[in-house]
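**Student:** Got a predicted structure plus its sequence, pasted below:
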Amino acid sequence: MPVRFEHYPRTAIITGADSGIGKACAVALAEAGFDIGITWYGDADGAEGTAAEVRAAGRRCEVAELDLTRLPGAAAVVDALTDRLGGIGVLVNNAGTGSATPFVDTSWEQWREVLAVDLDGPFLCGQRAARRMRAAGTGGRIINITSVHEHAPRVGSAAYCAAKGGLGLLTRVMAQELAADGITVNAVAPGEISTPMTGQEDVDPFTQRRPGVPVGRPGDAREVAAVVALLASPAAGYVTGASWPVDGGMLLMGPQANALTSNDWRSVGGARGRTGPPQA
């Protein structure tokens with residue numbers, strides 16, 4: 001009989017939780033009953049703001065700085081926070097970066113920074129979390145925040161797409177290898193979300209039009225966090241090795257959906273007007 005793993009520690013570590021999706025995940029998991037460890041880079045005040053919201057939800061919060069360009073040593077923060085929290089049940093690999101540079105103009109330094117933060121970091125942090133979960137024998141959850149560009153390319157994002165695509169496949173290998181330990185591993189792949197990374201930190205996504213996206217607007221970070229909270233819960237114990245797009249249907253439209261400027265695609269007549277009738 002397979003062992004049941006339903007009582008992993010109610011503690012979660014979220015990297016890059018000083019703003020955006022990471023902050024939303026920290027608050028959502030606190031509201032779900034987890035004590036929280038968060039990491040930050042470049043925004044100590046933002047991290048303290050996140051910590052205040054976690055504590056307002058009645059949960060503990062431990063805070064640590066993490067610079068994922070200083071690997072492999074920097075990943076030790078996972079062990080440090082685990083010790084401070086008294087265990088680890090959930091790791092959310094959220095910290096990330098990107099660049100908008102044509103492939104032929106991407107410097108080695110740009111390439112390495114993006115790969116270090118977006119792929120090397122989750123690999124090393126995930127290793128440390130998995131080892132601690134395995135040693136405790138109580139199972140757990142690892143959730144990697146990828147992107148729709150785990151699945152679809154984007155012009156000018158060679159390093160970012162390579163990193164997120166790699167993280168998506170790494171997620172699946174981790175899921176295979178760690179399942180016997182009661183550790184599920186999944187990816188969450190956001191589309192355009194109103195966060196500092198997209199230059200929309202203070203933008204209400206419900207006021208923005210995106211004609212090329214079926215839902216018709218950007219996403220809210222809390223909508224991503226809701227999926228993370230589901231995957232972090234005991235209820236998701238039979239879900240592993242999957243990638244969960246949270247993109248308003250963007251991937252249904254192709255990677256350049258945001259470039260569409262009208263809703264003509266929504267009607268059969270509008271689509272035929274551009275492309276002609278379906279071919280047999």
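**Tutor:** Done, it's in. Numbering: from 1, shown residues only.

**Student:** and the end-to-end length of stretch 28-39?
**Tutor:** 16 Å (C-alpha to C-alpha, to the nearest Å).

**Student:** Residue 30 against residue 59, yeah?
**Tutor:** Yes: counting by C-beta atoms under 8 Å, residue 30 does reach residue 59; the two are 4.3 Å apart. (Each C-beta comes from the backbone N, C-alpha and C, glycine too.)

**Student:** all strands of the stretch 151-280 of the chain, in order?
**Tutor:** Along the stretch 151-280 of the chain, the segments classed as strands by DSSP state E, counting those that start in this stretch run 183-190, 243-246.

**Student:** Can you list the strands that the last one pairs with?
**Tutor:** So that's strand 243-246. Here strand 243-246 is paired, per DSSP bridges, with strand 183-190 (parallel).

**Student:** Please name the residues that touch residue 135.
**Tutor:** By C-beta atoms under 8 Å, 6 or more residues apart in numbering, no residues touch residue 135.

**Student:** for residue 144, same thing?
**Tutor:** Residue 144 makes contact with 93, 122, 126, 167, 168, 170, 171, 185, 186, 187, 188, according to C-beta under 8 Å, 6+ apart.

**Student:** Now residue 161. Nearest residue, chain neighbours left out?
**Tutor:** Spatially, and ignoring its direct neighbours in sequence, residue 161 is nearest to residue 149 (4.7 Å; C-beta to C-beta, 6 or more residues apart in numbering).

**Student:** Same question for residue 214.
**Tutor:** Spatial nearest neighbour of residue 214, chain neighbours left out: residue 249 (3.3 Å); criterion: C-beta to C-beta, 6+ apart.

**Student:** What of residue 244?
**Tutor:** Spatially, and ignoring its direct neighbours in sequence, residue 244 is nearest to residue 188 (5.0 Å; C-beta to C-beta, 6+ apart).

**Student:** wait, doesn't that neighbour sit right on residue 229?
**Tutor:** No: under the criterion of C-beta under 8 Å, residue 188 is not in contact with residue 229, lying 10.5 Å apart.

**Student:** Could you list the low-pLDDT ranges of the protein?
**Tutor:** 1-5, 196-203, 255-258, 268-280 (pLDDT under 70).
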